[in-house]
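Enquirer: next come a sequence and a model predicted from it.
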Amino acid sequence: MSNLIARFVKDESGATAIEYGLIAALIALAIMVGAGSLGNALNAKFTNVADKLNETN
């Protein structure tokens, strides 16, 4: 019985899976924030171009 408990305490596969899950979540969050920022920047550029085109007409 003590051998089983010692083996259970030394098993780190669950902790490793949780760490990989946290890393994947952080990467996904960074991608979402970056894509949102890029979308806002592109929207501002296209709005600026549209305004310039409307000024000339």
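Expert: Sure thing, it's come through.

Enquirer: how far out from the middle of the chain is the lowest-mean-pLDDT helix or strand in the chain?
Expert: The weakest-scoring helix or strand in the chain, judged by mean pLDDT, DSSP states H and E, is helix 2-10 (a mean of 76). Per C-alpha atoms, centre = their mean, to the nearest Å, the displacement of helix 2-10 from the mean C-alpha position of its chain is 36 Å.

Enquirer: now do stretch 37-53
Expert: Going by C-alpha atoms, centre = their mean, where stretch 37-53 is centred and where its chain is centred differ by 24 Å.

Enquirer: same thing with stretch 36-53?
Expert: 24 Å.

Enquirer: just the CA trace of the least confident helix or strand of the chain, in PDB.
Expert: What follows is helix 2-10, C-alpha atoms only, in PDB (Å, rounded to 0.1, in the frame of the first residue of the first chain):
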ATOM      1  CA  SER A   2       2.800   2.400   0.800                       C
ATOM      2  CA  ASN A   3       4.400   1.700  -2.500                       C
ATOM      3  CA  LEU A   4       1.100   2.700  -4.300                       C
ATOM      4  CA  ILE A   5       1.000   6.000  -2.300                       C
ATOM      5  CA  ALA A   6       4.600   6.700  -3.000                       C
ATOM      6  CA  ARG A   7       4.100   6.100  -6.700                       C
ATOM      7  CA  PHE A   8       1.000   8.300  -6.700                       C
ATOM      8  CA  VAL A   9       2.900  11.200  -5.000                       C
ATOM      9  CA  LYS A  10       5.800  11.000  -7.500                       C
END
